[in-house]
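Colleague: pasting a predicted model and its sequence here:
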Amino acid sequence: MDSNLTYIAERLTELTAIPSPTGYTKHAADYLVKTLTELGFAPGISNKGNVLVQLGGEGNPLVLASHIDTLGAMIRSIKDNGRLRPTTLGGHQWRTADGENCTVHTRDGRTYTGVVLNTEPSAHVADDKVEQVEKNMEILLDENVITKDEVLALGIQTGDIIAMDPRTTITESGYIKSRFLDDKLSASILIGFARAVAAGEITLCRKVSLLFTVYEEVGHGGSVVPEDTRDMISVDMGCVGADLGCTERMVSICAKDSGGPYNYDVVSDLAAAAKAAGLDYAIDVYPHYGSDVEATLTAGFDIRHGLIGPGVYASHNYERSHMDGVRNTFELLRAYVAL
């Protein structure tokens, strides 16, 4: 891998290691501020927790946005038997988390490990299969607790955050496997993009800012952007599956998702830039998807909008991508800001 891709892979490993379910993103935001400051930029954090940094350039302002909040859960209640009943944060699929290790984060800063299981996980005991839906899931703490009072004595309470283990792995063949590639993979790409700008490897032909949002998974992450924004590209995950053309080794350009079509000219310009640069790309329609930039439009901003991202398979699951998809996404960003 070249130095930019190596840097992106390193940032991904660090970023996925920082728990940041929606509503619990301060540590991930602080990491971004520290990293971007070390690169020579001056990032700021908004009241809601979004991180914004201007990279440079003049005229025709463009915002490139990714999100650092992830799926996760919160304690809904503590059961009489000492187990925790969860409630989801974002579009979490419990069937993908059955058997996953997790960590509970208390409001006074303590952490406790545990495991996510359904209410009867033993094949040697269950008379009937338990459906893996939220009401049948629970968190078993790795503590000697069998009553509600014993859990409360640990300082655990309703409203505490439950974060799933990411299990991030990058293989020698370039495959990236982890929870929360949506959207920490693209956030890492944008950090790598900032590094390349700081090093003088990328020329900005317009004013470019990066926006890292913290409430995308619940729909309002990108609801506020700089007032002068003309264009905004959501750099999120590209969908892979069914009748879509994108693979894990490509960059995906979204023409339409559940929120409607993306700006026709922006999509066309992105495709033309990818083609001219000789990149492996696909234009796709995502049937069940929404992005930060749609929240921006809903909030009333008069912008042109687009969406790109590296191909990610098994979204909202234990996800998989490839460094080739990272490379193609990075190079498309380089080509687009040069237009």
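Modeller: Done, it's in. Numbers count the residues shown, from 1 in each chain.

Colleague: center of the protein - which residue?
Modeller: In the chain, the C-alpha nearest the mean C-alpha coordinate belongs to Asp183, at 2.0 Å (CA atoms, centre = their mean).

Colleague: burial count for Thr111?
Modeller: Counted with other CB atoms under 10 Å, residues neighbouring Thr111 total 12. Placement of C-beta: from N, CA and C, glycine included.

Colleague: rewinding a little: so the residue nearest to the centre of the chain, which of the three states?
Modeller: Look at Asp183: counting by DSSP: H, G, I helix; E, B strand; the rest coil, its state is helix.

Colleague: how close does it get to Cys246?
Modeller: 16 Å (CB to CB, to the nearest Å).

Colleague: do Arg304 as well
Modeller: 22 Å.

Colleague: more crowded one of these two?
Modeller: More crowded of Arg304 and Cys246, by other CB under 10 Å: Cys246, with 26 against 19.

Colleague: and the residue sitting furthest away from the middle of the chain, what element?
Modeller: For the chain, the C-alpha farthest from the mean C-alpha position belongs to Asp127; by CA atoms, centre = their mean, that distance is 38.5 Å. Here Asp127, judged by DSSP states H and E, is contained in no helix and no strand.

Colleague: could you do Val266 as well?
Modeller: Going by DSSP H and E, Val266 is in helix 264-276.

Colleague: and that helix, what's buried?
Modeller: Using 16 or more other CB atoms under 10 Å as the burial criterion, the residues of helix 264-276 that qualify are Val266, Val267, Asp269, Leu270, Ala271, Ala273, Ala274.

Colleague: okay, the longest strand along the chain in PDB with CA atoms only?
Modeller: Using DSSP state E, we find that the single longest strand of the chain is strand 304-313. Provided in PDB are the C-alpha atoms of strand 304-313 (Å, rounded to 0.1, in the frame of the first residue of the first chain):
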ATOM      1  CA  ARG A 304     -26.500  20.500  -4.500                       C
ATOM      2  CA  HIS A 305     -25.900  17.100  -3.000                       C
ATOM      3  CA  GLY A 306     -24.200  13.800  -3.700                       C
ATOM      4  CA  LEU A 307     -23.100  10.500  -2.100                       C
ATOM      5  CA  ILE A 308     -20.100   8.300  -2.600                       C
ATOM      6  CA  GLY A 309     -18.300   5.700  -0.600                       C
ATOM      7  CA  PRO A 310     -16.200   2.500  -0.800                       C
ATOM      8  CA  GLY A 311     -18.200  -0.600  -1.400                       C
ATOM      9  CA  VAL A 312     -19.200  -2.300   1.900                       C
ATOM     10  CA  TYR A 313     -20.800  -5.700   2.100                       C
END
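
Colleague: centre of the chain versus it, how much separation?
Modeller: Counting by CA atoms, centre = their mean, to the nearest Å, strand 304-313 is centred 12 Å from the centre of its parent chain.

Colleague: what angle separates it from helix 264-276?
Modeller: 50 degrees (axes from the mean of the first three to the mean of the last three CA atoms, to 10 degrees).

Colleague: thank you kindly, that will do.
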